[in-house]
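Participant: Next input, structure requested:
(chains A and B)
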Amino acid sequence: MIVAVASGKGGTGKTTVSASLASVWPSPLVAVDLDVEAPNLHLFLNPEISVQEPSYIEIPEIDDDRCTRCRACTDICQFKAIGIFGDVVMTFPEMCHGCGACWTICPEKAITSGKRELGQILIGRSGQTKFIMGRLRVGEAMSPPLIRNVKRHLNNGNGYADRDVIIDAPPGVSCPVINAVMDADVIVLVTEPTPFGLFDLALAQKAFAPLGKPMGVIINRADIGTRDVYDHCQQTGLTILAEIPFQRDIAEAYAQGQIIVDTIPALRPLFETLVARIKTLYDHQRPCKEVRYA
Amino acid sequence: MEKIAISSEGPGLDNHVDPRFGRAAGFVVVDPETMAFEYVDNGASQVMAQGAGIQAAEIVAATGARVLLTGFVGPKAFQALSAAGITIGQNVDNLTVREAVKRFQAGDVPVAEAPNRRGRRA
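Facilitator: Next up is the predicted model:
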């Protein structure tokens, strides 16, 4: 089972939940941090990193002598990573999404594939839990290619196949998080009972609904704000999987880089129930009520 | 004399200069001796998610213009226009296309050494 912990709104508690889930998870697990623009799961799991390797995307390199300026490449490129200005052909490597259309279409075979570093992939383990994370290179604008490269490690016969997976997803509702959750079996949405939490929860629900995955909600800081998030969940058929109280000791443990369920034993039943409810969602494979496109 | 391309909000000499380069409505390309001109639409660049400046630079280069007058040029467009050997006069704003040409001819538009706009995130 692959469980993706996502949110829409940032700062609702994705990593707090992911770390505690990893701690109480009853079977062999891989914890994956796909929030590659600002990874922080490692700060809680403190993994021993055994492999750190750069990750690349393929980009065009043009042989200026072979190029006839026919424009086939620049016409097919959807991202203007190749431009022809008068007689000058130029590439803009940072614009390239790595699709390979240019070197496939070039009739002169004047384009070969070079590479641009996307960032680093770090692999290790935290106790019995295996751990993988991506860290985007500072200055790199595109995170989805790195997210996909990190996920590729899960399928590379590294002994992950018989383990469950918890994905700490990036916030938002755009390409990075879609790439992070699209292979998940269950999506867990962490929110808070505030107008911001509700607004972004609804966005995330709309964004993920077409994927047809079972979804449930965790309400963090559950005793602040209003009942609007609860009403929304009831109206749209979203299961509330857990409510995490707004407590000073939780905030203190988090701020010190501790896994809250380890530091505060009273939270253990809450997270064990959460695991059971996630498994129920998975077993029933009941995609939540389809939300129409906005 | 070398043709001048001016980013423009409309198709004629009396339209206003569009201060945006990449997402300008279009370019008026003027022969400054005769003031004969043609208009090249840039509508396709306006709707691009990314690379509008690069596409606009391709369009300007294809017109054969050797000078570009506009408001703001970002780093990639600047790199592309420079590579194509096009002289860039920037910070041109609040003028008609005709006035911009006159001002350039009078030597009152400094030639840009560097882009004056930060690039958009890809």
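Participant: Spell out which residues of chain B are next to chain A.
Facilitator: Counting by C-beta under 8 Å from any C-beta of the partner chain, the residues of chain B close to chain A are B:48-52, B:54-55, B:57-58, B:61-62, B:76, B:79-81, B:83-86, B:121-122. From N, CA and C alone the C-beta is placed, and that goes for glycine too.
Participant: near chain B, which residues of chain A show up?
Facilitator: Applying the criterion C-beta under 8 Å from any C-beta, the portion of chain A that neighbours chain B consists of A:74, A:79-81, A:83-86, A:88, A:90, A:92, A:94-95, A:141-142.
Participant: For burial, what's the neighbour tally of the closest residue to chain B within the stretch 101-250 of chain A?
Facilitator: When distances are taken as C-beta to the nearest C-beta, the stretch 101-250 of chain A reaches nearest to chain B at A:Ala141, 4.2 Å away. The local packing count at A:Ala141 equals 14, with neighbours defined by other C-beta atoms under 10 Å in any protein chain shown.
Participant: Checking it next. Helix, strand or coil?
Facilitator: Per DSSP: H, G, I helix; E, B strand; the rest coil, the local secondary structure of A:Ala141 is coil.
Participant: can you check the one 5 residues further on too?
Facilitator: Local secondary structure at A:Leu146 is given as helix here, using three-state DSSP.
Participant: what does A:Glu117 give?
Facilitator: Per three-state DSSP, the local secondary structure of A:Glu117 is strand.
Participant: my guess is it contacts A:Ile59, does it?
Facilitator: No. A:Glu117 is not in contact with A:Ile59 according to C-beta atoms under 8 Å; the separation is 10.5 Å.
Participant: higher neighbour count, these two?
Facilitator: In this comparison of A:Glu117 against A:Ile59, neighbours counted by other C-beta under 10 Å, the higher total goes to A:Ile59 at 23 against 13.
Participant: Can you get me a residue count around A:Gly172?
Facilitator: The number of residues packed around A:Gly172, counting by other C-beta under 10 Å, is 21.
Participant: and it, what are its bridge partners?
Facilitator: Here A:Gly172 shows beta-bridge partners A:Gly8, assigned using DSSP bridges.
Participant: So it is in contact with A:Lys14, correct?
Facilitator: No. Counting by C-beta under 8 Å, A:Lys14 is not a contact partner of A:Gly172; they are 11.2 Å apart.
Participant: returning to what we had before: of the residues of chain A next to chain B, select the buried ones using a PyMOL command.
Facilitator: Applying 16 or more other C-beta atoms under 10 Å in any protein chain shown to these, the buried members can be selected in PyMOL as follows:
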select buried, chain A and resi 74+79+80+81+83+84+85+86+90+92+94+95+142
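Participant: and the residues of chain A next to chain B, which of them are in strands?
Facilitator: Judged by DSSP state E, the subset of the residues of chain A next to chain B located in strands is A:83-85, A:88, A:90.
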